[in-house]
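**Q** need a 3D model of the sequence below.
(one chain, ligands or ions: 1)
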Amino acid sequence: MRELRLGLVGCGAIAQWHARALKNLSRTRVTACIDVSPERAAHLASLTEGTVCSTIDEALKIGVDALAILVPHHLHEEVVSKALSAGVHVALEKPMAPSVEACEKILAVAAQYADRVFMLTENAQYWPEVLIAQELIRNGAIGNIITARSWHNFGITPEFYPSADSWRFQAAQAGGGVAIDTGSHWMRPLRMILGEIDEVVAVTARIQEKMQGESLVRALCKFQSGVVASFDVMLATGAVALQPHFQFTGTDGEIVISALGEVRLFDGTDWQGTIVGNGNYMDSYIGVWKDFEAAVLDGTPLAADARYSLGEVRAALAITRSSESQRWEKVW
Ligand SMILES: NC(=O)c1ccc[n+]([C@@H]2O[C@H](COP(=O)([O-])OP(=O)(O)OC[C@H]3O[C@@H](n4cnc5c(N)ncnc54)[C@H](O)[C@@H]3O)[C@@H](O)[C@H]2O)c1
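**A** Okay, the predicted model is just below:
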């Protein structure tokens, strides 16, 4: 196979971001835009070369080698199982599913098609600033990690929260609040750099009335290494200030990733730090598709296997448990 024919299942908000990223790939072509809403499928088709479809079966007839599953969380298990069972390669948006049981069922179906690529699309795995920091830390730029913090504050946008009854506001559909949803993009870099999380303690709050799940998380994550990092996520009710996304503190210095993508190293050479790189979060989506394309067409291993993403689902569920028990909760 020299070209990857991709069908996008779910033509909502994130599908448009993926469609933009996919324009940077030379060997992947969107051939089908599949949505239960004909208007959404038609809109995405206008942004790609895809044919409008209302079901996966229609897309299979047109010709797809792979399907990207971009539907609300409570539908992941059903839709991804259908896609995997069709024998095509599959990329599934995060979180794998709202419960560990549903994730394990999905992984069991994927295991039956082990010769196909199954990727869990966590774009933070390819976040350029994070990769710069990860490399520096791996090379000892700040010594041994002592602690870290991550912070993400964001507002309600019509793109992702189009109406008061949006699925993201419904706990049963989203599987919770910001911890299991947007929080995963800040949890993944912590795990990439600090390793696996052992336990969490968290306070959560519902600062968005219409959101059934938590819209504010203030958590401490204790990693298996013993390092403790803070993890804060807020779906704010008003305007938000720019805060560093990440700060990693080591025995010899610190690395800060700003909200604008600047990576600054504090190693004692300059008290203002040294800018060692700049990145753009949006490029992480290009990284997703380059990795998927290479895995399907060249047989290269994915940067992270799908099972690895259970770490974010489990951490989010442990945060919910801890906010109720008011104790440290084991992640695994
Ligand atoms: N990586 C990221 O940065 C990021 C950002 C936002 C969303 N997401 C993830 O993407 C997924 C979708 O989120 P969204 O914000 O695009 O949601 P959305 O509501 O904007 O879009 C979902 C689309 O799926 C369609 N749909 C529902 N059931 C379907 C079915 N059975 N077959 C085909 N289409 C169906 C809906 O009609 C809708 O158009 C979620 O898993 C979410 O967590 C990831």
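
**Q** isn't Arg40 right up against Val9?
**A** No: contact between Arg40 and Val9 fails when scored by CB atoms under 8 Å: they sit 11.4 Å apart. Heads up, the C-betas are built off the backbone N, CA and C, glycines and all.

**Q** between these two, which is the more surrounded one?
**A** Val9 (30 against 19; other CB atoms under 10 Å).

**Q** residues touching that one, list them.
**A** Ile34, Asp35, Ile56, Ala59, Leu67, Ala68, Ile69, Leu70, Val71, Val79, Ala83 (CB atoms under 8 Å, 6 or more residues apart in numbering).

**Q** which of those residues come close to the ligand?
**A** Ile34, Asp35, Leu70, Val71, Val79 (CB under 6 Å from any ligand atom).

**Q** by neighbours, which of these wins?
**A** So for the ones next to the ligand among the contacts of Val9 (other CB under 10 Å), the most neighbours sit at Ile34, 34 neighbours.

**Q** what residue in the protein comes nearest to the ligand?
**A** For the chain, the nearest residue to the ligand under the criterion CB to the nearest ligand atom is Gly12, separated by 1.8 Å.

**Q** okay, and Ile193 sits in which element?
**A** Using DSSP states H and E, the element containing Ile193 is helix 184-194.

**Q** show me what secondary structure element comes after that helix.
**A** Using DSSP H and E, the first helix or strand after helix 184-194 is strand 197-205.

**Q** and the helix or strand just after that next one with helix 184-194, angle?
**A** Going down the chain from strand 197-205, the next helix or strand is strand 216-223, by DSSP H and E. Comparing the axes of strand 216-223 and helix 184-194 via axes from the mean of the first three to the mean of the last three CA atoms, to 10 degrees yields an angle of 20 degrees.

**Q** follow-up on the earlier one: turn the ones next to the ligand among the contacts of Val9 into CSV, including secondary structure and pLDDT.
**A** Listed next are these as CSV, based on DSSP: H, G, I helix; E, B strand; the rest coil; pLDDT from 0 to 100:
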residue, secondary structure, pLDDT
Ile34, strand, 98
Asp35, coil, 98
Leu70, coil, 98
Val71, coil, 98
Val79, helix, 98
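
**Q** which one of these is nearest Met234?
**A** Nearest to Met234 among the ones next to the ligand among the contacts of Val9 is Leu70, at 24.9 Å by CB to CB.

**Q** who's in contact with that closest one?
**A** Leu8, Val9, Gly10, Cys11, Gly12, Ile14, Ala15, His18, Glu93.

**Q** ok, so of those, who is nearest Val203?
**A** For the contacts of Leu70, the nearest to Val203 is Glu93 (28.0 Å; CB to CB).

**Q** bridging residues for that closest one?
**A** Thr121 (DSSP bridges).

**Q** this protein: helices as residue ranges?
**A** 13-22, 38-47, 56-62, 76-85, 100-111, 128-138, 171-174, 184-194, 283-298, 310-325 (DSSP state H).

**Q** kindly report the residues of the stretch 101-250 of the chain close to the ligand.
**A** So far as CB under 6 Å from any ligand atom goes, the stretch 101-250 of the chain lies against the ligand at Asn123, Phe160, Asp181.

**Q** surely the first one touches Asp283?
**A** Think Asn123. No: contact between Asn123 and Asp283 fails when scored by CB under 8 Å: they sit 9.4 Å apart.

**Q** thinking again about what came up before, from the helices of the chain, which stretch is densest packed?
**A** Per residue and on average, the most neighbours among these fall to helix 184-194, with a mean of 23 (mean count of other CB atoms under 10 Å).

**Q** got the buried residues for stretch 209-226?
**A** Residues of stretch 209-226 classed as buried: 211-223 (neighbour count, 16 or more other CB atoms under 10 Å).

**Q** ok, now stretch 228-238?
**A** Those would be Val228, Ala229, Phe231, Asp232, Val233, Met234, Leu235, for stretch 228-238 by 16+ other CB under 10 Å.

**Q** how about exporting that stretch as CSV, limited to the C-alpha atoms?
**A** Extracted in CSV, the C-alpha atoms of stretch 228-238 (Å, rounded to 0.1, in the frame of the first residue of the first chain):
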residue,chain,number,x,y,z
VAL,A,228,5.0,14.4,43.4
ALA,A,229,3.7,16.7,40.7
SER,A,230,0.6,19.0,40.8
PHE,A,231,-2.0,18.8,38.1
ASP,A,232,-4.5,21.6,37.8
VAL,A,233,-7.3,22.0,35.2
MET,A,234,-10.0,24.6,35.1
LEU,A,235,-12.8,25.2,32.7
ALA,A,236,-13.1,28.8,33.7
THR,A,237,-16.2,30.9,34.0
GLY,A,238,-14.5,34.0,32.7
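
**Q** how far is that stretch from where the chain is centred?
**A** 16 Å (CA atoms, centre = their mean, to the nearest Å).
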